[in-house]
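In: Make a model of this:
(2 chains)
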Amino acid sequence: MIQVEHLSKSFGGLRAVNDCSFTLEEGAITGLIGPNGAGKTTVFNMIAGFIKPSGGRILFEGQDVTGFSPERLFSLGIVRTFQIPHEFSRMTVLENLMLVPPAQSGENLFSSWLRWGAVRREERDVRRKGEEVLEFLELTHVRDELAGNLSGGQKKLLELGRTMMTDAKLVLLDEPAAGVNRTLMGKLARMIQQLHRERGYSFCIIEHDMDLIAELCHPVIVLAEGRVLTQGSMESIRRDERVLEAYLGHSGAHETEGAA
Amino acid sequence: MELAGLLTYGIFFLTLVGIYGLLALGLNVQWGYAGMLNIGVAAFFTVGAYTSAIITTAESSGHLGGFGLPFPVGLASAMALSGILALGVGLITLRLRSDYLAIASIGIAEIVRLTLKNEGWLTGGVRGMAGIPRPLAGLIPGYDATLYLLLVLAFVAAVYWANERAWRSPWGRVLRAIRENEAAARAMGKNSLLFRLQAFVLGAVVMGLAGALYAHFVRFISPEAFNPLFATFLIWVMLIAGGSGNNRGALLGAFVIWIVWSATEIFVTRLPEDLVTRAGALRVLLIGILLQVILLARPQGILPERPPRPERHE
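Out: Numbering: from 1, shown residues only, chains lettered A, B, ... in the order given. Below is the predicted model of the structure:
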């Protein structure tokens, strides 16, 4: 579905991503792991169009999409979330969801002025969809609350919920479980699996919580120092000495084996 | 003051409140909706005023003109030219982050002001333009000012309606999302540049309209009337004090601040003689203090922003 070929990105003298190549398979939940600074989020930002690569290319369903704008990639079906929730704080939770559906006729100002009836009918449908998503997220009780007032965990749910307001093909989740308690993490995992099963989304997930990765992801790609170190099933990754070394450095590898 | 005099003053006062209200409504679309820091309101206000003046006045040796076209043509041209200026400025500057837009917009306002001051063949330069016709004059003898007030209020009502509809529409929702978090709005497929450009142009068109209505109201314009104090600073104070993101707040702000501004004029004329020369600065100081007080008491303005009420659905 996504082919990343020889992707590179430098920030000044720092090579954040260095000749990185991998494939995200259609229908898979792929995990993207690696130590801090491995270039995971930079790769995400390039796939989602937020950063232009210094070299290499990205193919989506066979089409070269390197350097496309985020809004164009969204319209092709690539939707991302952010590591730090990017909610629209002074908008209600429901509005945060209702914003998302593409090409709403009321986004044309003249339609909103002159064809309000049609815009309102469409709004009713968008609203219904938003309320369904709120039910799925179990956030109905905060529907009209400003999103900025939500708790950290609720914001994470809202982030995931926004991807459900459009017909996504590939959803990129950047640390969906960071700073989230175990209960909510379980809930997020179930939701991701349900979306995968029922809506046929393909996922690519950056995550530091290895239990979550093990539960959800196959295959798992390990990045280190801007390139792919290895990939495969979580069991094989867990046994891979090189992965431990990348995370912990040579000396620490045997002491903290349980961590990875 | 006698009753008739008071009435005359009231009409004069409300007409200016209406014109400033329009400016505040225009700025509300740019700042309140889209979060764009336009500190060059004066540019669009001035372009509107001069455009309509040039289009509608009779022949004069002092400046370009002599078209003598009807008032609606002047008004439409003012809005169009102001919008075109905004489109040009917007295409260049909207990629900039908001603080850079602020600096760029100050620069553009200064360019417009200095051009009007120095291009005498076009605008009459510092001598200004006189003899701008007032529409509806003589329709009901003795009620020219009242009729004009009604005209201005009709435009205020129309723009208020258009702003409110825009606020509640999906269009306004996208703008607010861009204001809150541009990266996320783009990740949700919204073309932020296009939307911000629309908001910038719409706001400027309304400011151009206000400029034209101002020109036909005072009937004499010169660069003095459009210095950044009157034509940018006061409008920002009105919007922030009234409540940015709230159209009623913008209108209320225009009303309240214009009362205070007018009152300070009365106040400073009673100052001891040696202070009178500094009266202008003192008035600004007073407005500044008022703004501080309002913002301390009500940080979001007198009427804070509210998300549009969700429509009840059956």
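
In: drop to CA atoms for contacts and neighbour counts, all remaining ones
Out: Fine.

In: check contacts around B:Phe226.
Out: Neighbouring residues of B:Phe226 by C-alpha atoms under 8 Å, 6 or more residues apart in numbering or on different chains: B:Ala42, B:Phe45, B:Thr46, B:Arg113.

In: repeat that with 7 Å
Out: By C-alpha atoms under 7 Å, 6 or more residues apart in numbering or on different chains, B:Phe226 lies in contact with B:Ala42, B:Thr46.

In: Closest approach to chain B from the stretch 101-250 of chain A, which residue is it?
Out: Nearest residue of the stretch 101-250 of chain A to chain B, counting by C-alpha to the nearest C-alpha: A:Glu107, 4.0 Å away.

In: number of nearby residues for that residue?
Out: 22 (other C-alpha atoms under 10 Å in any protein chain shown).

In: ditto for A:Glu138
Out: A:Glu138, neighbours per other C-alpha under 10 Å, totals 12.

In: how would you label B:Arg95: helix, strand or coil?
Out: Here B:Arg95 is recorded as coil under DSSP: H, G, I helix; E, B strand; the rest coil.

In: what does chain A put close to chain B?
Out: A:70-72, A:74-75, A:79-80, A:86, A:88-89, A:91, A:99-100, A:102, A:106-109, A:112-113 (C-alpha under 7 Å from any C-alpha of the partner chain).

In: try 8 Å this time
Out: Chain A comes close to chain B at residues A:48, A:70-75, A:79-81, A:86-92, A:95-96, A:99-100, A:102, A:104, A:106-109, A:112-113, A:124, as judged by C-alpha under 8 Å from any C-alpha of the partner chain.

In: now the residues you listed: which count as buried?
Out: Among the residues of chain A next to chain B, those scoring as buried are A:48, A:70-75, A:79-81, A:86-92, A:95-96, A:99-100, A:102, A:104, A:106-109, A:112-113 (criterion: 16 or more other C-alpha atoms under 10 Å in any protein chain shown).

In: In strands only, show me the residues of chain A next to chain B.
Out: Taking DSSP state E as the definition of strands, the residues of chain A next to chain B contribute A:Val79, A:Arg80.

In: Tell me the pLDDT of A:Ala178.
Out: As predicted, A:Ala178 sits at a pLDDT of 85.

In: Enumerate every residue touching whichever residue of the stretch 1-150 of chain B sits closest to chain A.
Out: Among all residues of the stretch 1-150 of chain B, B:Tyr33 sits closest to chain A, at 11.2 Å; criterion: C-alpha to the nearest C-alpha. Shown in contact with B:Tyr33 (C-alpha under 8 Å, 6+ apart): B:Trp167, B:Gly172, B:Leu175, B:Arg176, B:Arg179, B:Ala199, B:Gly245.

In: average pLDDT for the helix or strand hosting B:Leu213?
Out: Using DSSP states H and E, B:Leu213 maps to helix B:192-218. For helix B:192-218, the mean pLDDT works out to 96.

In: do stretch B:241-257 as well
Out: Per-residue pLDDT over stretch B:241-257 has a mean of 96.

In: And chain A, is that stretch touching that?
Out: No. Against chain A, stretch B:241-257 shows no contacts by C-alpha under 8 Å from any C-alpha, the least distance being 10.7 Å.

In: Could you export that stretch as CSV, keeping only the C-alpha atoms?
Out: The C-alpha trace of stretch B:241-257 is given here as CSV (Å, rounded to 0.1, in the frame of the first residue of the first chain):
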residue,chain,number,x,y,z
ALA,B,241,-13.0,45.0,24.1
GLY,B,242,-16.3,43.9,22.6
GLY,B,243,-15.3,40.3,22.2
SER,B,244,-13.4,38.9,19.2
GLY,B,245,-15.1,35.9,17.6
ASN,B,246,-18.5,37.4,18.5
ASN,B,247,-20.3,39.6,16.0
ARG,B,248,-22.5,41.2,18.6
GLY,B,249,-19.4,41.9,20.6
ALA,B,250,-17.8,43.6,17.7
LEU,B,251,-20.8,45.9,17.3
LEU,B,252,-21.1,46.5,21.0
GLY,B,253,-17.4,47.3,21.1
ALA,B,254,-17.7,49.8,18.3
PHE,B,255,-20.6,51.5,20.2
VAL,B,256,-18.9,51.6,23.6
ILE,B,257,-15.5,52.6,22.5
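
In: Now do the buried residues in it.
Out: B:241-255, B:257.

In: hey, where'd the helices end up in chain A?
Out: A:40-47, A:70-76, A:93-98, A:109-114, A:116-137, A:152-163, A:182-199, A:210-216, A:234-239, A:241-252 (DSSP state H).

In: Packing partners of the second one?
Out: If I follow you right, that is helix A:70-76. helix B:182-187 (3 or more C-alpha pairs under 8 Å, 6 or more residues apart in numbering or on different chains; DSSP states H and E).

In: circling back: which one of the buried residues of stretch B:241-257 is nearest A:Glu245?
Out: B:Gly245 (53.6 Å; C-alpha to C-alpha).

In: Measure how buried B:Ile235 is and give me the count.
Out: B:Ile235 has 30 nearby residues by other C-alpha under 10 Å.

In: which stretches of the stretch 1-150 of chain B aren't confidently modelled?
Out: Residue ranges of the stretch 1-150 of chain B with pLDDT under 70: B:1, B:61.

In: Which residue ranges of it form helices?
Out: Ranges of helices in the stretch 1-150 of chain B, per DSSP state H, counting those that start in this stretch, are B:3-27, B:41-56, B:71-93, B:98-118, B:120-123, B:144-168.

In: Just the buried positions in the fourth one, please.
Out: Within helix B:98-118, the residues scored as buried using 16+ other C-alpha under 10 Å are B:Leu101, B:Ala102, B:Ala104, B:Ser105, B:Ile106, B:Ile108, B:Ala109, B:Glu110, B:Val112, B:Arg113, B:Leu116, B:Lys117.

In: got the angle for that helix vs helix B:41-56?
Out: Helix B:98-118 and helix B:41-56 meet at an angle of 40 degrees, taking axes from the mean of the first three to the mean of the last three C-alpha atoms, to 10 degrees as the criterion.

In: Off-centre distance for helix B:98-118?
Out: 15 Å (C-alpha atoms, centre = their mean, to the nearest Å).

In: Show me what it is packed against.
Out: Packed next to helix B:98-118, using 3+ C-alpha pairs under 8 Å, 6+ apart, are helix B:41-56, helix B:120-123.

In: re the thing from before, where helices are concerned, which of the buried residues of stretch B:241-257 count?
Out: Per DSSP H, these map to helices at B:Ala241, B:Gly242, B:Asn247, B:Arg248, B:Gly249, B:Ala250, B:Leu251, B:Leu252, B:Gly253, B:Ala254, B:Phe255, B:Ile257.

In: Closest one to chain A out of those, please.
Out: The closest of these, once distances to chain A are taken by C-alpha to the nearest C-alpha, is B:Asn247, at 16.3 Å.

In: Contact partners for that closest one?
Out: B:Asn247 touches B:Leu25, B:Asn28, B:Tyr160, B:Asn163, B:Glu164, counting by C-alpha under 8 Å, 6+ apart.

In: List only those of the residues you listed flagged as buried.
Out: B:Leu25, B:Asn28, B:Tyr160, B:Asn163, B:Glu164.

In: could those go into CSV alongside distance to chain A?
Out: As requested, the buried ones among the contacts of B:Asn247 are arranged in CSV below (distance: C-alpha to the nearest C-alpha, whole Å):
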residue, distance to chain A
B:Leu25, 16
B:Asn28, 16
B:Tyr160, 12
B:Asn163, 9
B:Glu164, 10
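
In: and those as JSON lines, adding distance to B:Ile19?
Out: Formatted as JSON lines, these follow (distance: C-alpha to C-alpha, whole Å):
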{"residue": "B:Leu25", "distance to B:Ile19": "10"}
{"residue": "B:Asn28", "distance to B:Ile19": "14"}
{"residue": "B:Tyr160", "distance to B:Ile19": "12"}
{"residue": "B:Asn163", "distance to B:Ile19": "16"}
{"residue": "B:Glu164", "distance to B:Ile19": "18"}
